[in-house]
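Q: Any chance you could fold what I've pasted below:
(2 chains)
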Amino acid sequence: MRLAPRHKALRDRGTGAQRTSMRLLVALGEIYGADRLIPVTSAHIAGASYKMVGDPGLEFIEDFARDATVSIPATVNPLGMDLDRWREQGIPEEFAAKQRRIAEAYRRMGVLPSFSCTPYLIGLRPKRGEHVAWAESSAACFANSVLGARTNREGGPSALASAVTGVTPNYGLHLDENRRATAVVDVRARVRGFGFSLLGLHVGRELGGGVPYFRGIRGTESDLKWLSASIAATGDVAMFHVDRVTREWRAARPKGLPRLTVTDRDLRAIQREYTTGTDADIIGLGSPQLSSEELREVATLVGRHRPRIPVWVFASRSARDAAADAVARIEGLGGRVFVDTCLEVTMIENVSQTVATPSGKGAVYLPTLCGQKVIMDEVERLFRRYAS
Amino acid sequence: MILEGRPVAPGRGEGRALASAKPMSFLGGVDRETGVVTDPTSDIRGENVLGRVLSFPHGKGSTVGSYVLYGLAKRGRGPAGIVNERTEAIVATGAILGGIPLVDGIDVSLLRTGDRAIVDGDAGVVALPDVAERRVVTAFLRNKGRVLIVKRGPRVKTFRGAWSGISGYIEGLEPPLWRARKEVLEETEIEAARLVARGAVIRTRHESTVFAIHPFLFEVGSRKVTLDWENVEARWVRPEELSRFRPTVPRLDDVLVSVWLPPTSGGRRPGRPPSQGGGAGARRGSRGSRRTGGSRRASRPGPGGPARAAAP
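A: Residues are numbered from 1 along each chain as shown, chains lettered A, B, ... in the order given. Here you go, the predicted model:
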């Protein structure tokens, strides 16, 4: 890999954090065959939930924050708790104290305290062709597919290193040739809303990785957000195309590629497979965090069905503030709208053994990260099922 | 000897090797306070990484493993250096965050626990001062789809009783091909051997020696073999039958794979080469039919007689 003089200067004569960051990016660039470092316009950092990174992560982040400052706009993933309402989440005091230290360390570095897995919903919307360094598999997939921005599926430390240095190694999805389709997915099913989560789970697992080219679906931005999250949860997929819909479908070159046909039957099968519980303790909505529009839909459903089990909704602070009326309605009817955190990176296991959720990503991670059984279904059907 | 790899994390570290043949998980696999390997599936469980040159093929498991490596190094409980076959992001990240020298692109099967080892993360090399490299040739002779293997006799210094190709030490600066031809002549008395293929060097560790094997494949026109003192038995076998002849010298299967090319024209297809590392089929074969031959019929002529094989 060739380094520009200013990058060499950072590596050799920068602050401790700059030197470490530059070394890390260069090493990863060498591993993945990058030719050089390229500038990025934003970074999205993962590794903020104390539940996920534990004491090893806390230690590193605090040490690193001593002399690290971000040089480009940088956001960070959800924490393990709502910074204000963690007691309601059943979070122990010690966990909360350590979690606050992680949040504080990111703040000190100049990271925007977004604590959100949906940076694209809170104002960080890179344009087509813009290079960014985003961790968080669902957000990276959304950025590449829906926004047409360019990012690899970064790890927590590499995204942080890019936030500090403003560069990323040039490989993978930063290059045109790796953004072309690698498989065609013919969808022979009517996919709407919740169906996008099922579709993602199924296709991610069937393909394992690559850049799928979907035919036979149309989706809103919200639909594609759920598709991004679930396909990245079961597959090493950081980008997809949707015929006539996504930003780069014209450059995808789907001709002559291996083909996967998806039917209703496949989607029903994957739903059954990820439904492991029979009786939910809680309805969990998030993973990724809900947008303000989605919060309004949930408010309507809560009003219509008056669920008899607790409803926990996860959103960013900005989505919550933008839908304050809806949030008030949900809370007024006994639901909880938590911010700064999300479905499976918080300690939902402290209050539940079985979660009902429409989230495909949630259905993948709740069992492994939270020891939960899952009832996976469309959100209104869940509300109807648990209506009082 | 010096093993050449690729620099990943800078610095120089020296210590006794702690060698694992398995992918390593640091989160839940190594105690961050003590450096003791706790992973129950690890082949170095219970060992301490502190001050060692830790070698393993690559990392696995949670990305939080990077922070565990960092934490070990920060406490002064980390390894002196890391050697990998193919580093991935978790270990690379941890090594850089922790300032642990790391070199990858190394065949980790060449290191043994206890070896003195020096990792140079700037130059991308690993030195094993107490290990010597010996260059050897291994030549397979081919005739009508079969290859010659020989059983090493009681008077050779290493691997007595093991099946092998025609082999011998490369001396001084002599060209390996020259040595291979010389050994073929000495060990089989076959003079007309046409070079078909040569493979990339394959290394294997035996006690404090690393053998660097230069593989060759020769086409010969006759199956008439006259053995010298080194070998006691010769067989012309189909490549897929090699798995039935055990023990062999180390990595004989890999050496054959490295040179085995199907003929481009004429003759029958010689069959598939043996699977690398001995797949399920190979293992079945070795348990199943043990040949009771033991014959010293070293000069059985092939069905095609002594005629020279058709040129490809």
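Q: how about stretch A:148-157, does it reach chain B?
A: Yes - Stretch A:148-157 lies within reach of chain B by Cβ under 8 Å from any Cβ of the partner chain, at A:G155, A:G156, A:P157. Where you see a C-beta, it was placed from the backbone N, CA and C, and this is true even at glycine.
Q: Name the member of those residues with the most neighbours.
A: Among those, A:P157 has the most neighbours (other Cβ atoms under 10 Å in any protein chain shown), with 32 neighbours.
Q: That residue contacts B:G65, doesn't it?
A: No - with contact defined as Cβ atoms under 8 Å, A:P157 and B:G65 do not form a contacting pair (11.2 Å).
Q: Sitting in helices, which of the residues of stretch A:148-157 next to chain B do you find?
A: Among these, the members found in helices (DSSP state H) are A:G156, A:P157.
Q: From the residues of stretch A:148-157 next to chain B, pick the one nearest A:E380.
A: A:G156 (35.4 Å; Cβ to Cβ).
Q: ok, now how distant is the residue in the stretch 1-150 of chain A that chain B sits nearest to from B:V131?
A: Relative to chain B, the nearest point of the stretch 1-150 of chain A is A:P56 (3.5 Å; Cβ to the nearest Cβ). Per Cβ to Cβ, to the nearest Å, A:P56 is found 35 Å from B:V131.
Q: what do you get for A:H44?
A: According to Cβ to Cβ, A:H44 stands 47 Å off from B:V131.
Q: Quick one: the helices in the stretch 1-150 of chain B, in order.
A: B:65-74, B:89-98 (DSSP state H, counting those that start in this stretch).
Q: which secondary structure elements does the last one contact?
A: In terms of contacts (3 or more Cβ pairs under 8 Å, 6 or more residues apart in numbering or on different chains; DSSP states H and E), helix B:89-98 is packed against helix A:16-31, helix A:156-165, strand B:6-9, helix B:65-74, strand B:81-84, strand B:102-104.
Q: Make JSON lines out of those and add mean pLDDT and distance to A:M52.
A: Formatted as JSON lines, the helices and strands packed on helix B:89-98 follow (pLDDT from 0 to 100; distance: least, Cβ to Cβ, whole Å):
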{"stretch": "helix A:16-31", "mean pLDDT": "95", "distance to A:M52": "20"}
{"stretch": "helix A:156-165", "mean pLDDT": "97", "distance to A:M52": "9"}
{"stretch": "strand B:6-9", "mean pLDDT": "95", "distance to A:M52": "24"}
{"stretch": "helix B:65-74", "mean pLDDT": "93", "distance to A:M52": "11"}
{"stretch": "strand B:81-84", "mean pLDDT": "98", "distance to A:M52": "24"}
{"stretch": "strand B:102-104", "mean pLDDT": "97", "distance to A:M52": "25"}
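Q: Can you tell me which of those is nearest to A:D67?
A: Set against A:D67 and scored by Cβ to Cβ, the helices and strands packed on helix B:89-98 come closest in helix A:16-31, at 5.1 Å.
Q: Just the CA trace of the helix ranked longest in chain B, in PDB.
A: Secondary structure of chain B read by DSSP H shows that its longest helix is helix B:176-188. C-alpha atoms of helix B:176-188 as PDB (Å, rounded to 0.1, in the frame of the first residue of the first chain):
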ATOM      1  CA  PRO B 176      17.500 -29.000  -7.300                       C
ATOM      2  CA  LEU B 177      16.600 -30.500 -10.700                       C
ATOM      3  CA  TRP B 178      20.100 -31.800 -11.100                       C
ATOM      4  CA  ARG B 179      19.900 -33.500  -7.700                       C
ATOM      5  CA  ALA B 180      16.500 -34.900  -8.600                       C
ATOM      6  CA  ARG B 181      17.900 -36.500 -11.700                       C
ATOM      7  CA  LYS B 182      20.900 -37.900  -9.800                       C
ATOM      8  CA  GLU B 183      18.700 -39.500  -7.200                       C
ATOM      9  CA  VAL B 184      16.400 -41.000  -9.800                       C
ATOM     10  CA  LEU B 185      19.400 -42.600 -11.500                       C
ATOM     11  CA  GLU B 186      20.900 -43.800  -8.200                       C
ATOM     12  CA  GLU B 187      17.700 -45.100  -6.600                       C
ATOM     13  CA  THR B 188      16.000 -46.700  -9.700                       C
END
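Q: Let me know how buried A:L369 is, in neighbour terms.
A: 18.
Q: any residues touching the longest helix of chain B, and which ones?
A: Here helix B:176-188 makes contact (Cβ atoms under 8 Å, 6 or more residues apart in numbering or on different chains) with B:135, B:137, B:139, B:141, B:148, B:150, B:166-171, B:190-191, B:193, B:195, B:198, B:214, B:216, B:218, B:225-228, B:230-231, B:234.
Q: what about the residue nearest to B:V53 when sequence neighbours are not counted, how many residues close to it?
A: Distances taken as Cβ to Cβ, 6 or more residues apart in numbering or on different chains put B:A117 closest to B:V53, at 3.9 Å, once the chain neighbours are dropped. Close neighbours of B:A117, defined as other Cβ under 10 Å, add up to 28.
Q: for A:A251, same thing?
A: Per other Cβ under 10 Å, the neighbour tally for A:A251 reads 12.
Q: Sweet, I'm off.
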